[in-house]
Every structure is written in structure tokens, then in C-alpha cells.
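*Asks:* starting from these lines, generate the structure:
(2 chains)
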2 protein chains.
Amino acid sequence: MSEYVDAALQEPSVGVVDRRTYTFADDAPFRLTGGATLAPVTLAYETYGALNAARDNAVLVAHALTGDSHVAGRYSESDPKPGWWELMVGPGKPIDTDRFFVICSNVLGGCMGSTGPAAADPATGRPYGLDFPVVTIADMVRAQRRLVEHLGVTRLLAAVGGSMGGMQVLEWAVRYPDRVAVAVPLATTARHSALNIAFNEIARQAILADPNFNGGDYYGHSAPEACGLGQGPRMGLAVARMIGHVTYLSDEAMRQKFGRRLQDRDAFSFDLDADLPDFQVESYLRYQGRKFVERFDANSFLYVTKAADYFDLAEQHGQGSLTHALSKARARFLLVSFTSDWLYPTAASRELVTAMKKNGLDVSFLEITADCGHDAFLLRNQRLSGLVRDFLRHAHDDVQQGNL
Amino acid sequence: MSEYVDAALQEPSVGVVDRRTYTFADDAPFRLTGGATLAPVTLAYETYGALNAARDNAVLVAHALTGDSHVAGRYSESDPKPGWWELMVGPGKPIDTDRFFVICSNVLGGCMGSTGPAAADPATGRPYGLDFPVVTIADMVRAQRRLVEHLGVTRLLAAVGGSMGGMQVLEWAVRYPDRVAVAVPLATTARHSALNIAFNEIARQAILADPNFNGGDYYGHSAPEACGLGQGPRMGLAVARMIGHVTYLSDEAMRQKFGRRLQDRDAFSFDLDADLPDFQVESYLRYQGRKFVERFDANSFLYVTKAADYFDLAEQHGQGSLTHALSKARARFLLVSFTSDWLYPTAASRELVTAMKKNGLDVSFLEITADCGHDAFLLRNQRLSGLVRDFLRHAHDDVQQGNL
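*Replies:* Numbering: from 1, shown residues only, chains lettered A, B, ... in the order given. Got it, this is the predicted structure:
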């Protein structure tokens, strides 16, 4: 996802937060969907607000492809950048930390503190690289469940997330129907389409094509904690990120944001080798690519995109039938799609809503008119904010009154 | 574009054809839009049918991004593959070689026989590489005009082309209003949008990121005629082509063609390093990438995509006004768009139609319902065939009767 910061909405904030880790290796190794086992498993996570005495106010936020556990707040008073959903999470905000105990963990396979390909393989003491086993959305969710239990929560009030976060929310609702009262999958899908897979595959190929990828073994002698950031297939990863960015915006958003405006020049360069691009949109993409390689590990990119591609709620829980898969769910649902989202278009949400309704589930759905493409769920949107705020408050009231 | 062959429609055909070249260096050097000069300039071209005595039956076909002069027929009796628009061009076909004298040349900057970055720079005797000057759609058209004149044609009956070929058709109509009776721009646009530029830029970045690109100097010691095929940044060029292929198909076309079907396997590989992909769509993209590097020069890819990005009929002929730009045109127009084309959507054609009508031009426009995305103009389509057939026949009748 893109990172947008709206300064005006940063306050009130959860303030200075810290990232913690939870490691489980105490019992049997964690067996993954693909058959491999993993031990130890560490999840990096953050929490905001407090768990109440009834332990019924926990809201799990699941992050998207390249997100992390840092949903809200800052790591220090001087930290210039708040968490990625600062707009939505904080005191008095839609996911209200005065009311709710908010939990977010970096996904399994990620590179922001959770066990992933940059972590040390206990068998060798060196980073796993491509020896890291392929993980699925289900594996991410199963690890989250361990964390949630560790935090003293038996049943979540809500699981909330957009994009790949929404897939995790769906997986929670179907896999653990007794452990989540309400589910809020935003701008997401029950399965990756051929188009979704195609873009991810091209991005992966760009990474694999970079000779500095070196079969995933590019961490050098740096400590595993350094996580491969800035190392390895920088060019390939930058290209991969550029592809992602195009899919997060809409045709219309790009037209408004960039059009055919030139970047710091009055005329075309007529130079294919120019360091400075011709068009603003080229400059934007190059900048996004450069910035991304400083914060994300290329191997992790391969693993999380694969997890998203593999996700198929119907196949994995319903023998091919989405209705059958969702017959296992009991949560109350709120789904939101955005008109200009061509990554996970409204039809993908509607398909979920139809299958939910066939199962008699309590489901609310809104398609929000927005020009900004898939990124819309991360941007300021009064309708989204109001919906989520009301939905969570009512859910909590109903849970407290024993009605949910 | 993709290459589709419909065996059932290959006959009747123009039969065995050959590619010729025309070189002009006799007078002043060819001055390009960007200010550089180029000499000599060679265009590879093919013709089918015969120029009539009145010299009023010439139809210029302009090819798309990675096309070439080989529109129809085969290079030998045993040649397995006909030209790229065999469906449309041939005896009795919509562009009827029994009636019309069909001309197509490889674009300036291309790599299929015309002067481009793989050609020998007279100054050094070595391939130009990135020393080749940036060319524009206007430059391509200006070179074509020289060829058309050389072939004895003062005024074309028609200029016809899809995608980047359509841009050339528009340029012909505006630049040489006296030299083209009718113009048929298919699935095209008056300018590249930010989204179009974004995809091209990512593709170029993938090539530039490949260390085998070597600043465009990768031709080694092979003869320039070898054109760099199979040399240089193979991985980067393959990724570039994969990006293109996604934009040529539609979400729906990919859903129908591939869905989530696995490639020669019953279950996921759970292996990120697997030589064999999981999904059919991944296999398709990898195959298209591999195939492309055997037939296309990476430097040429940079130049032709840049030409398409630079194209802006309104800016370059109308001081920002498309209506003003098209006030220079006098041709009769037929425009066609396809419902699922998201590269150059119907809105792009409509904008042209509106500006043409404001100028009182005779313009026919049809949006054809098609699931197959931008590639639709290359595929069998009865409506497209019928439209083009009738339009060209009437145009020829009207020209012969002195009405056009």
C-alpha cells in the first residue's frame, strides 16, 4: 500500500508506542499448511488501549501486503512518522483506543520483526532465505491466534483489515467462528483473480531476475535482525514495488494526480538514459521503488505475495463453494469496497456478501464512491470512518448485552 | 500485442511475400522532432496487391508497439506462421488485396529491419545503442511518407492501424491532410495517460535494471543485422513483456482464459524456487516473456515505448486543444474501441470523436463489446471485419467518383 499521512488527523493519537515480540516454541513445532514445521515462531506486535475486565473489547487489526504491526502512534516523541492507520486507530477515532484493546502483529513471513525468510534458521544459524517454508494466510492467522491467546483474549470483539488484511479477517471468521464476534474485511476478495496473480508473478519475476537476488541468499554477514533491508535485489524489488503502486491507484486517480505533467522540466528530455525522468508519474514510481527497498526485504515480498495468491476461501474451506466455506462463519460482518478499486473490485466483495447472505449471516455492505483506487481504504474517508465507528460500537454494546 | 493465429482464416492469403527495404540518404539528413539528425534511414516494408493506374488504392497499415512490416502472408511455403494481421489483410478479406495496394513498414526505431538502435551508427560502425536519437510517432510517420512517395503514392486511400498504429494513423491525418483520404484508428488514444506511461516506465525500468543491459551496449560482436535478438537484458526484457501482456488482456479475459487453474499440477508447489509455476497464468506470462526476447531488441523496446509516451496530438498539433489539432484533418474517419480495453478505453476514442465532430469531420465510431481487452483489434471479430471492409470499399468508390 502507499503511505499517506494526514497531518491534521494525527491528533489525538495513541502517542508513543513500542513494538514487542511474542515467541512460541514451547510445545510442538508450528506445522504449516504446506506440511513444513517452523520453530521458533516470533510475532512482532503492538497493542493500544487496555483489555477490559470482561476481556471482550479486543480488536485485531490485520495489515496488508507490505504493512507491519505499527498501526498507530510513534516510536518516540521525535518520530516523524505515525503508524499506517493513524487516521483510523486512536483515542476517539473509529477504532477507538479509549474503548478497545487494539492488537496488530506483523504477519508470519514478514520482515518487520516476525519470523520470516530473513530470520535465522536454527538449523544453520544463518537467515533462512528461500529455505523458509511457504506460508499461507491461514498460517498467518493461526500464528495470530496464538498471540491473541497469549494476550489473554479468548474471543475477539472484532477482526478488521483491508486488502490482504481482509483475507486474514475472512480466514479468522471461517477458521475460528467462536473466537471473533464481528469481522470487517475491507477492499478485499475471497480469492486472487488471474489478474491479481499475474501482477504478483511479474513482481516476483522482477526480483528473481535481479542477479543480486542470488537465490535468496543476499543477507551477507549482517545480523539477521537487519532483515536484509537495503540489501540484495534492490533494482528488482524496486520494479516489483512500482508494479504494486500502479495497481493501488486507479486510472482516474493517476490522471488527477499526475496526468501528463512533466517533472521539473519544460520539455521532453529526448534522452532515454536521463537520470531525471520526463513525466511526474515516472518520478513518483521511481521514488516509491527506491523508498521501498530501504524498508522491505525482497524475500519477504516473495512470501507474502505467494500467500495472497494461494488464498482461496472457497477452495480451502468449502470444497470449491464459497457459500459452503462461509457456512462455518458466525460473525457479524461489515464489508466495504471502493468504486475505483480495480485490484479487488466491488464484484469481489459482492460475491462474499451473496455467499454470507445465503448462510443467513448478518452482513452489512457498502460500496463507497472513491476515485483513489485500492488505496482508498487507507485514506481519509468520512463514510468509512463513520461506518467502522458505528459498527464497532454497536458490536461492543451487543456483546456486552449478551446479544452477540 | 499478443500473436494469435486462426488457422481457419489463413486462407485465402497473399501467399509468399518478401520484405524489402527502402533507404533514403540522398538529400539532407532526416531531422527528428528532438532535433537530432539521422542518416541513412532505412525502412523495412512489405506490400501486397497492386497499385492501380489511378494510384488511388493504396492502404497504409501501421503496426503496434512490437509489430513489424509482416502484416500478411508467409516468407516461404514452409513458413509456419503468417503475418500478424492475416485475419484482416488478403484477397477478399476486409483489407482486400484484390482491390487495394497494401503497404506496411517497420517503424523507425524498430528492430525488424528499419533503422533503430541496433543499426550501425555511421560515425562508429557499431550499433547505435542508446546513442540512437529518440524518435517520435511524428518521426515514424514522416519516414513512412518518404516510403509511400517512393512507392509512387501521392495520396493514400487509407491509413489503418490499432494501438500505437492508431497513433500513427492520427498523426498522418493531422500532419498530411492532403495525403490520406480516410483514416481508421483502432483501439487507440490521442495521448498516453498517466497509467499508460506508468506501465511503460516500469517496463523500461525492468530493462534498465538488468545488468546485461550495460547501458544499451550489449550487441557484442555480432553483425548489426542480428539486431540484438536474444542478446542483452533478457530477464529485464521478459519482465517488460509480461507487464505488457497483462495490459493487453482484460480482467475478464484472464478470468476466462486462466482463472485460478494450476499448471500441470494437482496442488500448490509450496516452493518459491520452483522451476514450474503454480498457476497457468504464471506459466503463460513466463512463456510470453521467454518468447519475446528471441524476437525483439531491448533497446528498440525503450525507443518505441518512449515514442508512444511522448505522443500527444493536442499538445503537438493544437497547442493543448485536441479540437484545434484535429481542425487540420480532412480525412473521413472510422474509430473503433472495445469495451474491455483498459489500456486505451472507449473514453479515449470518444474524446477523439467529439473533437472530430466539433470540426465537422465525417466520423463513424463503434464501441464493440468484447471480453478480450486491448488485444481485441487483433482477434477475429465479425463486426470489426465488416466495418472495415465496408468503410474501405465505400471510401474507394467515393474517391473514384471524385467525392472524397
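
*Asks:* from now on I want contacts and neighbour counts done on CA atoms only, so please keep to that.
*Replies:* Will do.

*Asks:* what is the burial count for A:Gln319?
*Replies:* 12 (other CA atoms under 10 Å in any protein chain shown).

*Asks:* does the nearest residue to it once chain neighbours are set aside sit in a helix, a strand or a coil?
*Replies:* Distance criterion CA to CA, 6 or more residues apart in numbering or on different chains; nearest residue to A:Gln319, sequence neighbours excluded, is A:Ala325 at 7.6 Å. Following DSSP: H, G, I helix; E, B strand; the rest coil, A:Ala325 is assigned to helix.

*Asks:* surely A:Ala325 touches A:Leu313?
*Replies:* Yes: between A:Ala325 and A:Leu313 there is a contact under CA atoms under 8 Å: 6.5 Å.

*Asks:* look at these two and report which has more neighbours.
*Replies:* Each of A:Ala325 and A:Leu313 has its neighbours counted (other CA under 10 Å); A:Leu313 has more, 27 against 23.

*Asks:* so which other helices or strands are in contact with the one helix or strand in chain A whose mean pLDDT sits lowest?
*Replies:* One helix or strand of chain A scores below all others by mean pLDDT, DSSP states H and E: helix A:251-257, with a mean of 91. Here helix A:251-257 touches helix B:194-209, going by 3 or more CA pairs under 8 Å, 6 or more residues apart in numbering or on different chains; DSSP states H and E.

*Asks:* and the helix it packs on, average pLDDT?
*Replies:* Computed over helix B:194-209, the mean pLDDT rounds to 96.

*Asks:* again with stretch A:50-68
*Replies:* 98.

*Asks:* can I get it in CSV, CA atoms only?
*Replies:* Provided in CSV are the C-alpha atoms of stretch A:50-68 (Å, rounded to 0.1, in the frame of the first residue of the first chain):
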residue,chain,number,x,y,z
ALA,A,50,-6.4,-1.7,27.5
LEU,A,51,-8.1,-5.0,27.7
ASN,A,52,-11.2,-4.6,29.9
ALA,A,53,-12.1,-6.9,32.8
ALA,A,54,-14.6,-8.8,30.7
ARG,A,55,-11.9,-9.3,28.1
ASP,A,56,-14.5,-8.5,25.4
ASN,A,57,-13.0,-5.4,23.8
ALA,A,58,-10.1,-6.7,21.8
VAL,A,59,-9.9,-5.6,18.2
LEU,A,60,-7.4,-7.3,16.0
VAL,A,61,-6.1,-5.3,13.1
ALA,A,62,-4.6,-7.3,10.2
HIS,A,63,-2.2,-5.5,7.9
ALA,A,64,-1.9,-5.6,4.2
LEU,A,65,0.9,-6.9,1.9
THR,A,66,3.8,-4.7,3.0
GLY,A,67,2.4,-3.4,6.2
ASP,A,68,3.6,-4.1,9.7
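
*Asks:* other residues contacting it?
*Replies:* Outside stretch A:50-68, the residues within contact range by CA atoms under 8 Å, 6 or more residues apart in numbering or on different chains are A:1, A:69, A:84, A:97-107, A:110, A:112, A:152-166, A:168-169, A:296, A:301, A:304-305, A:396, A:399-400.

*Asks:* which non-adjacent residue is nearest A:Ile207?
*Replies:* Nearest residue to A:Ile207, sequence neighbours excluded (CA to CA, 6+ apart): A:Gly236, at 4.2 Å.

*Asks:* list the contacts for A:Phe30?
*Replies:* Contacts of A:Phe30 (CA under 8 Å, 6+ apart): A:37-41.

*Asks:* show me those residues that map onto strands.
*Replies:* A:37-38, A:41 (DSSP state E).

*Asks:* and A:Ala226, what pLDDT?
*Replies:* Confidence score, pLDDT, at A:Ala226: 51.

*Asks:* what does A:Leu9 give?
*Replies:* pLDDT, read off for A:Leu9, is 47.

*Asks:* repeat for A:Val281
*Replies:* Confidence score, pLDDT, at A:Val281: 97.

*Asks:* assumed it was part of a helix.
*Replies:* Yes: under three-state DSSP, A:Val281 sits within a helix.

*Asks:* that one and chain B, how far apart?
*Replies:* 6 Å (CA to the nearest CA, to the nearest Å).

*Asks:* what's around that residue, how many residues?
*Replies:* Neighbours around A:Val281, by other CA under 10 Å: 26.

*Asks:* now do the contacts for the closest residue to it other than its chain neighbours.
*Replies:* Of all residues not flanking A:Val281 in the chain, A:Phe258 sits nearest, at 5.6 Å (CA to CA, 6+ apart). By CA under 8 Å, 6+ apart, A:Phe258 lies in contact with A:280-281, B:194.

*Asks:* A:Ala120: which of the residues you listed is nearest?
*Replies:* Closest to A:Ala120 out of the contacts of A:Phe258 is A:Val281 (38.7 Å), distances taken as CA to CA.

*Asks:* could you verify my assumption that the closest one touches B:Asn196?
*Replies:* No: with contacts counted by CA under 8 Å, A:Val281 stays clear of B:Asn196, the gap being 10.1 Å.

*Asks:* can you list the weak-confidence ranges in the stretch 151-300 of chain A?
*Replies:* A:221-230 (pLDDT under 70).

*Asks:* what does it put close to chain B?
*Replies:* Contacts of the stretch 151-300 of chain A with chain B, taken as CA under 8 Å from any CA of the partner chain, map to A:192-195, A:197-199, A:201-202, A:205-206, A:209-211, A:215, A:235-236, A:239, A:242-243, A:246, A:251, A:254-255, A:258-260, A:268, A:270-273, A:281-282, A:285.
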